[in-house]
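*Asks:* the sequence and its predicted three-dimensional model are supplied below.
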Amino acid sequence: MTERAQAGRRTTIYRLTGVENFEQAIRSKYRLDERFDLVTVNVGARSGLLVTGSMFKEKAEWCEAVSVLTETDIAVNSVTPVGILIVRPSSESSKATGDADVAYALTYGMGFQLLDQGRLDNLFGQKIAIRTAEPNKLRSLTVTTMDERSRTSRATIAQGDGLLGFGLGDVGEAVSRVVAIANLPSLSRSDGKPFQIRGADALNVPLGRTPAEVISDLDALETLLAKKPPEALKLLEQLTAVKNPDVKDRLDVVLAKALNEAVADGSPGAIGLSWPHERVDENGTPDAWLPVALWPGRRRKEVKPGQPEWSEILEALEQWPPGDRLARLDRSAIQLFRDAGGESAISSAIPLRRWIAYQAEMDGHTFALYDGAWFQIHHDYAKNIKRRTAAIFARKVEDLDFIPWLEKDDEDKYNKKLAKALGGVCLDKKLITTELHRRGIEACDVYLPDGTLIHVKEVGRSTAASHLIAQALVSADALCKDEKARDKVRARITEAAGDPVGIGLKPKRVILAMHRRNGRPFTADDLFTFTMVNLVRHVEALEGRSVPVRIVSIDGEAHQ
């Protein structure tokens, strides 16, 4: 037998939970669709469900464009095959994970589009990859930064490397896709040799070619999930799915409040718009998107170019009653397309909830809404963030005396008084523009002659502090990197009758000064974990450039 014949067949596998009967794994709109056959089958000694069929179009989406260019009537049909085989792991192997009604879906062609997205175990492939990867042979990581920008990025090293080689930190970074060289000797056709594994919500590995081998392989994967991640890679697994329905309901109440606050404020606040890369990247790059039941009264087939933005989501939320906004996250969806005309889908209709990123604290624990599901952050992550945030607040400013914030003061009045008291100049609302910031940024509220930038904010909630932190980073980052930005700031300082010499090649330091009206000093405990993550990341970024950061809580009138 040749080596090729001995190797297993690469298969994309999804793990589903809460599947009491196999048909529940298929989206309801496809169960009675005459294009697809649902047949009960046996895979060795186990029963399963086989779904086969095709998606047919009489004319491929590109035909019209070519017809116009060539003045020729072209009509080429398009047939996309679909195949899904659903089977359960053994009860013994799934008992250790504690998940109820587990099923595995082996998908072929565009079969993934038919699966019920709400039943997917979204971290399945990632967990298997973490437990089997060789720690120094990671090839690609997709990382979502759990801060106010909710950035998702992918880094690839063809020859492989460890976590340090990918620059992965331990603050607010959740890994959702792992490509690595892995060892899975328990798979029937692995031959005991390492091979490349790709894991995200799905897993792509070589499975056996006989019924007995496939069943054995699925049981082996289920058993692997119950194991702890290796020490060298446990940083990659910071999130644990919340399974208690009561806890999930309480977290949804918190999210509903945040949605209403976002609409009332006209800004996302602690909510971010995430990007479900792992539901897209294996199938192509999107060039258009379709809002499904997002805006009332609009035609369903109103395809929009590019990619969705938070402003568009906010516009939709504004049109729904406050008590209905949370439900809209599940009833509305976004579907992605490869082409601008919206003819070639590269994803199913992804519920809006899966596009929302949010972090909250409850019962002393940190929770994150990620890919539509609630997760609790573990591995002492929350404790570590709080410790590092408290350490930042503990650093004192010994050489400056901040005047009290009087009841009659607003930010504008206080900034002018502070600048005079400290011998600096007020740059509040005096924007500068750069190549990266064409709409303008504020260098600081108060500038001191030694190069100190002071950012001042009256904070009633954590999101206001988050805004202050972000403003400080943007300003300092621009001044560290952009000579033109420094020149413009110097000009602003000169216009305000100040001395710009101290700005140098970078600020001397950055001070975040916060005040709250209730008279109680602003402390690390007043920040949501979401904002703590933001603060720690920004301080590390600035101090990595030798720009120290300090935090001051401004006393009020009642303290005098």
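*Replies:* Thanks, I have it.

*Asks:* care to break the protein down by domain?
*Replies:* Using automatic domain parsing, the domain ranges for the chain come out as 1-121+206-226, 245-378, 383-559.

*Asks:* lowest average confidence across those, which one?
*Replies:* Of all those, the minimum mean pLDDT falls on domain 245-378 (a mean of 77).

*Asks:* now find how far off-centre that domain is within its chain.
*Replies:* 11 Å (C-alpha atoms, centre = their mean, to the nearest Å).

*Asks:* check stretch 45-55 too.
*Replies:* Using C-alpha atoms, centre = their mean, we find the averaged C-alpha position of stretch 45-55 to lie 33 Å away from the chain's own average C-alpha position.

*Asks:* what is the burial count for the nearest residue to residue 61 once chain neighbours are set aside?
*Replies:* Of all residues beyond its chain neighbours, the one nearest residue 61 is residue 343 (3.1 Å), with distances taken as C-beta to C-beta, 6 or more residues apart in numbering. For the C-beta atoms, the positions are set from N, CA and C on the backbone; glycine is no exception. Other residues within reach of residue 343, judged by other C-beta atoms under 10 Å, total 18.

*Asks:* could you confirm residue 343 falls within a strand?
*Replies:* No: assignment of residue 343 by DSSP: H, G, I helix; E, B strand; the rest coil gives coil, placing it outside any strand.

*Asks:* how much space between it and residue 304?
*Replies:* Residue 343 sits 14 Å away from residue 304 when distances are taken as C-beta to C-beta, to the nearest Å.

*Asks:* quick one: residues contacting residue 33.
*Replies:* For residue 33, the contact set (C-beta atoms under 8 Å, 6 or more residues apart in numbering) comprises residue 53.

*Asks:* and it, which of the three is it?
*Replies:* For residue 33, the assignment made with three-state DSSP gives coil.

*Asks:* all helices of the chain, in order?
*Replies:* In the chain, the helices defined using DSSP state H lie at 3-6, 28-31, 63-70, 91-95, 124-132, 211-225, 245-265, 310-318, 325-331, 381-394, 411-422, 462-481, 483-495, 529-543.

*Asks:* and those helices: which comes nearest residue 186?
*Replies:* Minimum separation from residue 186 across the helices of the chain (C-beta to C-beta) falls at helix 211-225, 3.9 Å.

*Asks:* show me how far the closest one is from its chain's centre.
*Replies:* For helix 211-225, the distance from its own C-alpha centre to the chain's C-alpha centre is 30 Å (C-alpha atoms, centre = their mean).

*Asks:* report the contact partners of residue 441.
*Replies:* By C-beta under 8 Å, 6+ apart, residue 441 lies in contact with 431-434, 471, 474-475, 478.

*Asks:* if we use 7 Å, what do you get?
*Replies:* Applying C-beta atoms under 7 Å, 6 or more residues apart in numbering to residue 441 gives the contacts 431-432, 474-475, 478.

*Asks:* surely residue 480 touches residue 504?
*Replies:* No: in terms of C-beta atoms under 7 Å, residue 480 does not count as a neighbour of residue 504; the distance is 10.2 Å.

*Asks:* ok, the two, which is more surrounded?
*Replies:* A direct count of neighbours by other C-beta under 10 Å for residue 480 and residue 504 places residue 480 higher, at 17 against 12.

*Asks:* now do the same end-to-end measure for stretch 505-514.
*Replies:* Distance between the two ends of stretch 505-514: 27 Å, counting by C-alpha to C-alpha, to the nearest Å.

*Asks:* just put the contacts of residue 441 in TSV and tack on distance to residue 265 and neighbour count.
*Replies:* Formatted as TSV, the entries for the contacts of residue 441 read as follows, by distance: C-beta to C-beta, whole Å; neighbours: other C-beta atoms under 10 Å:
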residue	distance to residue 265	neighbour count
431	21	13
432	26	23
474	20	17
475	22	23
478	26	21
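
*Asks:* alright, calling it a day.
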